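Asks: Okay, here's the prediction I keep looking at, along with the sequence it came from:
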Amino acid sequence: MLDSEAQVVAVGINCTAPRLIAPLVRQLRRVTSKPIVVYPNSGQTWDSIARQWRGTTADDTATLVPEWRLEGARWFGGCCGTTPDDIANLRAVIAA
């Protein structure tokens, strides 16, 4: 559906646990030829009652970038709970 929309330049996955990104990219790749953007969160879970993040953060999201690329993702970033260090690590893996 979005492939025919000229104003849509990419399709993305945002604020999702890093461990879920690869299968979601795989699903998107089946239905679009547009670039795929991934902005995972830190891997924690949002507790809407307590209004806070719970759990531990993903060890090193940047190590998942090669798999995400293999599945078809082309743009990378971070969402809730990610830090400047996380983004620097992503950049280092992407630039390598």
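Replies: Yep, it's here.
Asks: And the longest helix seen in the chain, what's buried?
Replies: In the chain, taking DSSP state H as the definition, the longest helix is helix 18-31. By neighbour count on 16 or more other Cβ atoms under 10 Å, the buried set for helix 18-31 is 18, 21, 22, 24, 25, 28. C-beta coordinates here come from the backbone N, C-alpha and C atoms, glycine included.
Asks: Pick the one among those closest to residue 46.
Replies: residue 18 (14.8 Å; Cβ to Cβ).
Asks: show me what contacts that closest one?
Replies: 40, 41, 43, 58, 61, 64 (Cβ atoms under 8 Å, 6 or more residues apart in numbering).
Asks: The longest helix of the chain: how far from the chain's middle?
Replies: 9 Å (Cα atoms, centre = their mean, to the nearest Å).
Asks: pLDDT on the helix or strand that that helix is followed by, on average?
Replies: From helix 18-31 onward toward the C-terminus, using DSSP states H and E, the following helix or strand is strand 36-39. Per-region confidence: strand 36-39 scores 97 on mean pLDDT.
Asks: how near is residue 82 to residue 32?
Replies: 25 Å (Cβ to Cβ, to the nearest Å).
Asks: The two: who's more crowded?
Replies: Using other Cβ atoms under 10 Å as the criterion, residue 82 and residue 32 rank with residue 82 on top: 22 against 16.
Asks: Check which helix or strand the more buried one maps to.
Replies: Residue-wise, residue 82 maps onto no helix or strand under DSSP H and E.
Asks: Quick one: residues contacting it.
Replies: 40, 41, 42, 61.
Asks: could I get these as CSV with neighbour count and secondary structure?
Replies: Formatted as CSV, the contacts of residue 82 follow (neighbours: other Cβ atoms under 10 Å; DSSP: H, G, I helix; E, B strand; the rest coil):
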residue, neighbour count, secondary structure
40, 28, coil
41, 22, coil
42, 21, coil
61, 26, helix
